[in-house]
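1. Coordinates for the following, if possible.
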Amino acid sequence: MNKKQLLKSFQELKGEIETLRKKHVVQGLVDKFHTEKKTLEKRIEKTVVDEVKKAKKFLTEQKKELNKIQKKVEKIISQKKSEAKKTLKTAQKAAKKATKKAPAKRVAKTTKKVSKKA
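-> Sure, this is the predicted structure:
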C-alpha cells in the first residue's frame with residue numbers, strides 16, 4: 001500500500017469513527033431525553049392527581065358550609081313566615097273590629113251632615 005491509499009483509508013476510518021461517535025452521543029442524548037420525559041410525565045401526573053384531590057376536598061368543605069348556611073336561612077325564613085302569619089292574623093282581627101265599629105260612626109257622621117244642611 002502506498003501512502004495515498006493509507007491516508008485515504010485512515011480518513012475513511014476517521015470519518016466512520018466520527019459518525020459512530022456522533023450516533024452514540026446523539027443516542028445518549030435521545031435516551032436522556034426519554035428518561036427525563038418519563039420522569040416529567042410522572043411528576044405531572046402526580047401533581048395533577050394531588051391537585052384534583054385538593055379540589056375535591058375543597059368542594060366537600062364548601063358543600064358542608066353551604067348546607068349549614070342553607071339550614072340557617074331556612075330556619076330564619078320559617079320564623080319570619082310564622083311571624084308574618086301572626087301579624088296578618090292580628091291585623092285581620094283588628095280590621096274586622098274596625099269594620100264593625102266603623103259603620104256606626106259613618107252613620108252618625110252622615111246624619112250630622114244631613115242635619116246641618118237642613
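2. Tell me how many other residues surround Lys72.
-> Number of residues near Lys72 (other C-beta atoms under 10 Å) recorded here: 10. (Glycine included, C-beta is placed from N, CA and C.)
3. any idea how far it is from Lys8?
-> The gap separating Lys72 from Lys8 is 94 Å, by C-beta to C-beta, to the nearest Å.
4. Equivalent analysis for Lys97, please.
-> 129 Å.
5. same check, this time on Lys32
-> Here Lys32 is placed at a distance of 36 Å from Lys8 (C-beta to C-beta).
6. Next: Gln79.
-> For Gln79 relative to Lys8 (C-beta to C-beta), the value is 105 Å.
7. which stretches of the protein have low pLDDT?
-> 1, 101-118 (pLDDT under 70).
8. which stretches of it form helices?
-> Along the chain, counting by DSSP state H, helices occupy 3-117.
9. Centroid-nearest residue for it?
-> Leu59 (7.7 Å; C-alpha atoms, centre = their mean).
10. what's the burial count for Ala55?
-> 10.
11. Now do the contacts for it.
-> Remark: with contacts taken as C-beta atoms under 8 Å, 6 or more residues apart in numbering, Ala55 is in contact with nothing.
12. burial count for Lys85?
-> 10.
13. so how far is Phe10 from it?
-> 110 Å.
14. Lys4 now?
-> 11 Å.
15. Kindly report the same for Val48.
-> 56 Å.
16. Likewise for Lys97?
-> 127 Å.
17. Could you do Lys89 as well?
-> Distance from Lys89 to Phe10, by C-beta to C-beta: 116 Å.
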